[in-house]
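Asker: got a predicted structure plus its sequence, pasted below:
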Amino acid sequence: MCVGTISFAPNAISASAAASQPNASSRLDAAKLDEIAQLANTDRHVRAHEEAHLVVAGPYATSGPSYSYTVGPDGHLYAVGGEVSLDASPDPSGPEATVQKAKVIQEAAEAPVDPSTQDRMVAAQAAQMEAEAEAQISAQNRQGRSAYQRQDGPPAAQLIALTL
């Protein structure tokens, strides 16, 4: 994923706005006005999609949305693609924190109404990271139980019988 931030609003205009401007209708025919309307709709959709990722990702977003643009027949830029970079590395605090981080990354990847193929791949990678962290937790728990069971001294049942 690219790292970058775009913080300006597009200078796109809708077809109805273009039609209401002086000389706009004489410079742009109906087909171009339709294209502008489609580009403006795509721009809004792309921005909402990337904003959904960003909002849910919280502290795991490493950048704001980065957009790719096309120039419309009116000369304005319209966002036609975008991405938000995420920190998808295991949490250095340990496997429990990694499980929580992986869940947030999965939610962020699937946050838009229409997740892309790339979004689904990121969610699957986060699910794999979560499964690996949970396996680490299970292994640590097994090691802890084994160490407890190997301690010298009588079993707990014998201690209870001795105290009665």
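Answerer: Noted; the coordinates are in hand.

Asker: going by C-alpha atoms from here, please, whenever you check contacts or count neighbours.
Answerer: Will do.

Asker: next, the buried residues of stretch 32-52.
Answerer: Of the residues in stretch 32-52, 32-33, 35-43, 45-47, 49-52 count as buried by neighbour count, 16 or more other Cα atoms under 10 Å.

Asker: same deal with stretch 58-66?
Answerer: Residues 60-66 are the ones in stretch 58-66 that count as buried (16+ other Cα under 10 Å).

Asker: of those, closest to residue 82?
Answerer: Lowest distance from residue 82 to the buried residues of stretch 58-66 (Cα to Cα) belongs to residue 66, with 5.3 Å.

Asker: returning to what we had before: okay if I get the buried residues of stretch 58-66 as a markdown table plus secondary structure?
Answerer: Shown next, in a markdown table, are the buried residues of stretch 58-66 (DSSP: H, G, I helix; E, B strand; the rest coil):
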| residue | secondary structure |
| --- | --- |
| 60 | helix |
| 61 | strand |
| 62 | coil |
| 63 | coil |
| 64 | coil |
| 65 | coil |
| 66 | strand |
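
Asker: in JSON lines, list those residues along with pLDDT and distance to residue 144.
Answerer: Output for these, formatted as JSON lines (pLDDT from 0 to 100; distance: Cα to Cα, whole Å):
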{"residue": "60", "pLDDT": "97", "distance to residue 144": "31"}
{"residue": "61", "pLDDT": "97", "distance to residue 144": "35"}
{"residue": "62", "pLDDT": "96", "distance to residue 144": "36"}
{"residue": "63", "pLDDT": "93", "distance to residue 144": "40"}
{"residue": "64", "pLDDT": "95", "distance to residue 144": "42"}
{"residue": "65", "pLDDT": "97", "distance to residue 144": "44"}
{"residue": "66", "pLDDT": "97", "distance to residue 144": "46"}
